[in-house]
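A.B. asks: Okay, sequence plus prediction incoming.
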Number of protein chains: 2
Amino acid sequence: MYQAKVYITLKDSILDPQGTAVKGALESLKYQNIPELRIGKYIQLQIDETDLSRAESQLKEMCEKILSNPIIENYRYDLSEG
Amino acid sequence: MYQAKVYITLKDSILDPQGTAVKGALESLKYQNIPELRIGKYIQLQIDETDLSRAESQLKEMCEKILSNPIIENYRYDLSEG
C-alpha cells in the first residue's frame, strides 16, 4: 500500500478568483500584509499496489487524466509506502 | 517576507462528498485500487513581515479565523523566509 499526497495549483498565468476573495477578506480584517495568496487542492489518497514504480506511474496517469486539469493547473506529489 | 504553505484537511469524522465523487470517477475509469481519497485545500501565501515569530502567530490566527473552519477542518503549515 502506498500513501500519496497530491498538490494541485493553478498555473501562474491563470487568475485565482477564490484566492483573491480570501485575500480581500483578510485585508478587511486587518491583515494588510499579504501581497499574494493562491488556493489550490491537496488530495490524500491510498494506492493498493505492491510495486513502487507501478504505483508512481498510476499516480501520474490519474493526476494528468482526472485529478488535475493540465491546461490550467500544475501538480506535484509525494508518494511513500505505508 | 515569509512564504507560507497551508494544508487544510477535513477532520476524519467529517464526510467528504467531493473526495467520494472523485474516487467514484477513478473507479469507473479502471482505477479500482484506491481504498481512500480525501480532498483538502492547499493555500500558498506571502506574509510581508520581518520577524519570524510575529509571522507565525499571524499565520496561526489567520488559519483559525479565516482560512480553515476549526469545527470541521484541521490545518498545518510550513513557513519559510524568502
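C.D. replies: Okay, I see it. None of the values given here were measured: they were computed from a predicted structure. Residues are numbered from 1 along each chain as shown, chains lettered A, B, ... in the order given.
A.B. asks: who touches the residue positioned nearest the centre of chain A in this structure?
C.D. replies: By CA atoms, centre = their mean, chain A has its centre lying nearest to A:I8, at 1.9 Å. Shown in contact with A:I8 (CB atoms under 8 Å, 6 or more residues apart in numbering or on different chains): A:G40, A:K41, A:Y42, A:I43, A:C63, A:L67, A:S68, A:E73, A:N74, A:Y75, B:Y42. Glycine gets a C-beta too; all of them are placed from N, C-alpha and C.
A.B. asks: For the first one, give the beta-bridge partners.
C.D. replies: Think A:G40. B:Y42 (DSSP bridges).
A.B. asks: residues in contact with it?
C.D. replies: Here A:G40 is in contact with A:Y7, A:I8, A:T9, A:L10, A:E73, B:K41, B:Y42, B:I43, B:Q44 (CB under 8 Å, 6+ apart).
A.B. asks: 6 Å instead?
C.D. replies: Shown in contact with A:G40 (CB atoms under 6 Å, 6 or more residues apart in numbering or on different chains): A:I8, A:T9, B:Y42.
A.B. asks: how about the residues you listed in JSON lines, adding pLDDT and distance to B:P17?
C.D. replies: Formatted as JSON lines, the contacts of A:G40 follow (pLDDT from 0 to 100; distance: CB to CB, whole Å):
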{"residue": "A:I8", "pLDDT": "98", "distance to B:P17": "18"}
{"residue": "A:T9", "pLDDT": "98", "distance to B:P17": "23"}
{"residue": "B:Y42", "pLDDT": "98", "distance to B:P17": "19"}
